[in-house]
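S.K.: Pasted the sequence and its predicted model underneath.
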Amino acid sequence: MSANLGEEISRRRRGQRLTQEDLAELSDLSVNFISRLERTKNQNISIQKLDSIAQALNTTTPDIINNAYRIKKVDNIVTQNNTPVFIQKVNNELRKLPPVQAERVCKAFITILKEIN
């Protein structure tokens, strides 16, 4: 994937003068997970974990994703079947949820998108 969520998370964490240990504690994730996320280009992270990290960094999940893609040129977004990979990942995570919960997540996501436009 051309975007590097770990790079963006690391940049934000350092900008707030937080250690990986601090971020792990604030997001209820392990230090090993945060460390691996920040140093690996091919992350496989759930929306729930990314949301926990975003809250710990006082930001939103869409903001982290958008800025991760801004680090690289937009033309470099990896696609499959003409769909950006990050959209496919969101779809995959939504499919794992029970329908009622997936609907609530979608409605919340739509609300967030309307607020940032």
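M.R.: Sure, I can see it.
S.K.: can you pull out the helices in this protein?
M.R.: Secondary structure of the chain (DSSP state H): helices at 5-15, 20-27, 31-39, 47-56, 61-71, 85-96, 99-116.
S.K.: CSV for the ones you listed, including mean neighbour count and mean pLDDT?
M.R.: Every residue, glycine included, has its C-beta placed from N, CA and C. As requested, the helices of the chain are exported to CSV (neighbours: other C-beta atoms under 10 Å; pLDDT from 0 to 100):
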stretch, mean neighbour count, mean pLDDT
helix 5-15, 19, 92
helix 20-27, 18, 96
helix 31-39, 17, 93
helix 47-56, 18, 94
helix 61-71, 17, 79
helix 85-96, 14, 81
helix 99-116, 11, 88
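S.K.: Please name the nearest non-neighbouring residue to the residue nearest the centre of the chain.
M.R.: Closest residue to the average C-alpha location of the chain: Leu50 at 4.4 Å, with C-alpha atoms, centre = their mean. With sequence-adjacent residues excluded and distances taken as C-beta to C-beta, 6 or more residues apart in numbering, Leu50 is closest to Thr61, at 5.2 Å.
S.K.: Can you verify my assumption that that neighbour contacts Asp51?
M.R.: Yes. The pair Thr61 / Asp51 is scored as a contact, 5.0 Å apart, by C-beta atoms under 8 Å.
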